[in-house]
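Asks: coords please:
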Amino acid sequence: MIRELAKMIDHSILHPTMTDDDLLRECQVAAKYDVASVCVKPYMVKKAAGLLEGTDVLVGCVIGFPAGNSTIEVKVFETETACKDGAVEIDMVINIGKALSGEWDYIEKEIDAVTRASHKNGAIVKVIFETDYITRDEDKIRLCEICTRTGADYVKTSSGFGFVKGDDGKFSYTGATLHDLRLMRKHSGPRVRVKAAGGVRTLDQLLEVREAGCSRSGATATITMLEEAKKRFKE
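Replies: All right, here's what the predicted structure looks like:
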């Protein structure tokens with residue numbers, strides 16, 4: 001059970017303030033707990049691949065992150081570069097403005113281009129919807145259908161940085177919700193897996209997203225969750 005939970009976790013090393021020293025420390029955490037992967041910033045891929053060589057922890061990289069505004073050509077270039085540097089998992093953010101405008105042909109072309117580039121270079125692709133911004137269920141369903149048609153490997157809720165500015169000027173954030181995860185599982189094809197990201201910080205939350213149909217979850221609280229799992233399941 002503990003290994004199964006560990007292999008659900010993409011250990012996130014994405015905050016803008018994180019340094020190379022942070023990367024070293026967090027890769028050591030990822031290796032110690034034998035998680036599925038680390039998810040890193042593009043410039044960190046080569047170093048992360050070196051640090052994790054000889055382990056079973058994969059290296060993933062974010063593309064068009066976090067706002068999704070890069071052109072399709074730039075996202076493809078980022079993907080190819082990340083794969084060349086050692087990434088075998090690509091987490092791409094869709095063009096949020098285009099999705100909110102209902103420009104679904106553009107979105108399908110974008111996801112298809114990054115998926116093709118990923119698969120051509122031996123990587124899988126996870127498509128980030130950014131559900132704090134894409135809030136209508138019908139739009140999330142449309143995205144699930146597009147991901148199924150284009151052969152994307154995962155649909156993913158959030159970047160972890162989809163902050164929404166309130167009337168008081170303060171920013172808030174929700175991330176993955178059980179409603180969205182169940183919706184995405186229901187409307188994605190059987191070959192498309194679901195990843196939760198944003199707001200999964202406890203073992204109970206990890207178990208909940210697993211129950212909702214997730215195969216992976218992004219996490220920064222990896223140590224807390226897996227130490228609790230060791231106590232609870234005592235394998």
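
Asks: State the distance from the spatially closest residue to Y173 that is not a sequence neighbour to I96.
Replies: Once flanking residues are discounted, Y173 sits nearest to F163: 5.1 Å by CB to CB, 6 or more residues apart in numbering. For the C-beta atoms, the positions are set from N, CA and C on the backbone; glycine is no exception. Going from F163 to I96 by CB to CB, to the nearest Å gives 13 Å.

Asks: Compare the two and say which is more crowded by neighbours.
Replies: More neighbours surround I96 than the other of F163 and I96, with 21 against 15 (other CB atoms under 10 Å).

Asks: give the contact list for the more buried one.
Replies: By CB atoms under 8 Å, 6 or more residues apart in numbering, the residues touching I96 are A67, G68, N69, E130, Y133, I134.

Asks: looking at this, the last one is in a strand?
Replies: No. The secondary structure assignment for I134 gives coil rather than a strand, going by DSSP: H, G, I helix; E, B strand; the rest coil.

Asks: Surely it and A99 touch.
Replies: Yes. Taking CB atoms under 8 Å as the definition, I134 is a contact partner of A99 at 5.8 Å.

Asks: shared neighbours, the two?
Replies: L143.

Asks: Which one's more surrounded, the two?
Replies: A99 (24 against 21).

Asks: Just the helices from this protein, written as ranges.
Replies: For the chain, helices defined by DSSP state H occupy the ranges 2-6, 20-33, 45-51, 72-85, 96-100, 104-120, 137-150, 178-187, 203-211, 222-233.

Asks: Tell me which of the ones you listed lies nearest to K156.
Replies: Proximity to K156, assessed across those by CB to CB, is greatest for helix 178-187 (8.6 Å).

Asks: Let's see that closest one as CSV, backbone CA atoms only.
Replies: In CSV, the C-alpha atoms belonging to helix 178-187 read as follows (Å, rounded to 0.1, in the frame of the first residue of the first chain):
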residue,chain,number,x,y,z
LEU,A,178,-13.1,15.9,-5.9
HIS,A,179,-15.9,17.2,-8.1
ASP,A,180,-13.5,18.0,-10.9
LEU,A,181,-11.5,14.8,-10.6
ARG,A,182,-14.7,12.7,-10.8
LEU,A,183,-15.9,14.7,-13.8
MET,A,184,-12.5,14.4,-15.6
ARG,A,185,-12.4,10.6,-14.9
LYS,A,186,-16.0,10.2,-16.2
HIS,A,187,-15.5,12.1,-19.4
